[in-house]
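Trainee: based on what follows, work out the 3D shape:
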Amino acid sequence: MNTETAQDFQTRVAKHAALADPARLRIVDLLTLGDFSPMELQAELGMASNLLSHHLRALEAAGLATRHRSEADRRRSYIRLAAGALNGLVPGAEHGARRVLFVCTRNSARSQLADALWQQVSKIPSTSAGTHPADRIARGAVDVARRHGLDLADLPPRRLDEVAGEADFVVTVCDNAHEEIPNLGGIHWSVPDPLRLNTEGAFEDAFTDIARRVGDLAPRLHAA
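Mentor: Okay, here's the model as predicted:
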């Protein structure tokens with residue numbers, strides 16, 4: 001019985017064709033962890049810029065990857081895995097972690113939400129911190145968490161250097177934090193700052209983005 005439309009079938013064919021190239025498969029493996037700028041992918045893969053551009057265009061055309069501009073430096077862009085791009089094809093757990101540390105600039109919204117969401121889906125401990133912590137968690141973050149059945153801990157945002165440990169698996173969820181401390185290691189999620197608009201919709205979008213990424217990352221990590 002065939003319930004798949006011709007268009008869906010052709011989309012799947014295009015994705016498999018794109019992934020048949022070893023370089024593209026490696027790029028997608030990296031994107032299942034987080035977002036990368038083209039320069040970061042070049043350094044990771046040891047690939048010439050023109051060849052990398054060719055592979056990225058192929059992945060975008062197949063609906064496997066998308067790109068957007070950095071909020072910190074508009075000359076810079078990040079490549080991310082398209083939502084639902086690899087349903088049923090995501091690699092298995094291959095990274096060990098003792099604790100997951102989510103980092104953003106002010107530790108008042110995105111990193112706090114990521115930490116709370118992580119604790120719902122993984123037994124690996126997690127925490128969060130900021131490079132320049134705010135005085136308190138943003139009201140919009142508290143509200144969106146509550147709407148989704150989560151209660152953000154009533155704790156003040158904390159400084160990265162007071163929280164970070166050598167064995168942490170670091171996830172930056174803020175372009176500014178990622179670009180401010182490029183040697184922090186770990187992976188990066190380029191999540192737009194909901195406080196820029198400070199609307200209910202902006203916080204909902206951030207929550208949805210982070211929830212999907214947490215759900216994608218959790219099966220990739222095992223307790224170290």
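Trainee: with adjacent residues omitted, what lies nearest to residue 48?
Mentor: residue 42 (7.8 Å; C-beta to C-beta, 6 or more residues apart in numbering). Backbone N, C-alpha and C define where each C-beta goes, glycine included.
Trainee: show the pLDDT at that neighbour.
Mentor: Looking at residue 42, its pLDDT is 96.
Trainee: buried stuff in the helix or strand containing residue 222?
Mentor: Counting by DSSP states H and E, the element that carries residue 222 is strand 221-223. Applying a neighbour-count criterion of 16 or more other C-beta atoms under 10 Å, one finds residue 221 buried in strand 221-223.
Trainee: and residue 188, what is it in contact with?
Mentor: 34, 35, 36, 78, 171, 172, 173, 178 (C-beta atoms under 8 Å, 6 or more residues apart in numbering).
Trainee: these into TSV, with extra columns for secondary structure and pLDDT?
Mentor: TSV is the format used below for those (DSSP: H, G, I helix; E, B strand; the rest coil; pLDDT from 0 to 100):
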residue	secondary structure	pLDDT
34	coil	95
35	coil	97
36	strand	97
78	strand	97
171	strand	97
172	strand	97
173	coil	98
178	helix	96
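Trainee: contacting residues around the spatially most central residue of the chain?
Mentor: The centroid of the chain falls nearest to residue 189 when counting by C-alpha atoms, centre = their mean (2.9 Å). Taking C-beta under 8 Å, 6+ apart as the contact definition, residue 189 lies against 34, 35, 114, 171, 172, 173, 209, 210, 213.
Trainee: many thanks, we can stop here.
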